[in-house]
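# Quick one, what's the 3D model for this:
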Amino acid sequence: MTDEQLDRYRQDGTKVRIVRDALDINDVRGIVVAWDDDYVLIRRPNRKVVKIQRIYDMQPASEERRWELRES
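Residues are numbered from 1 along each chain as shown. Just a heads-up that it's a prediction; the model follows:
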């Protein structure tokens, strides 16, 4: 995810989904607040802020969930 894409999500207030594994219950959903080279801050619907590593796949929450197994 590039800084330009993150900035677009932040400015538009786009709700995003962070896909961490195969289970959709473990997804983090919310709005992008801030980021740096390693982390993204997401404001969840309950207004709590979560710090997530940028290694995870991020996609708009309005799109169908995509998950692919990554080789280490």
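# And the strands in this structure?
Using DSSP state E, the strands assigned to the chain run over residues 15-19, 28-35, 39-43, 49-53, 57-60.
# Quick one: end-to-end distance for stretch 19-26.
With CA to CA, to the nearest Å as the measure, stretch 19-26 spans 7 Å from end to end.
# what's the burial count for Lys51?
Number of residues near Lys51 (other CB atoms under 10 Å) recorded here: 13. For glycine as for every other residue, the C-beta is placed from the backbone atoms N, C-alpha and C.
# about what we covered before: need the strands of the chain in a markdown table with mean pLDDT and distance to Thr2, can you?
Shown next, in a markdown table, are the strands of the chain (pLDDT from 0 to 100; distance: least, CB to CB, whole Å):
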| stretch | mean pLDDT | distance to Thr2 |
| --- | --- | --- |
| strand 15-19 | 96 | 14 |
| strand 28-35 | 96 | 10 |
| strand 39-43 | 97 | 12 |
| strand 49-53 | 96 | 16 |
| strand 57-60 | 93 | 11 |
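# Could you pull up the residues touching the residue nearest the centre of the chain?
Centroid-nearest residue in the chain, with CA atoms, centre = their mean: Ile18, separated by 3.5 Å. Applying CB atoms under 8 Å, 6 or more residues apart in numbering to Ile18 gives the contacts 27-29, 40, 42, 52, 56-58.
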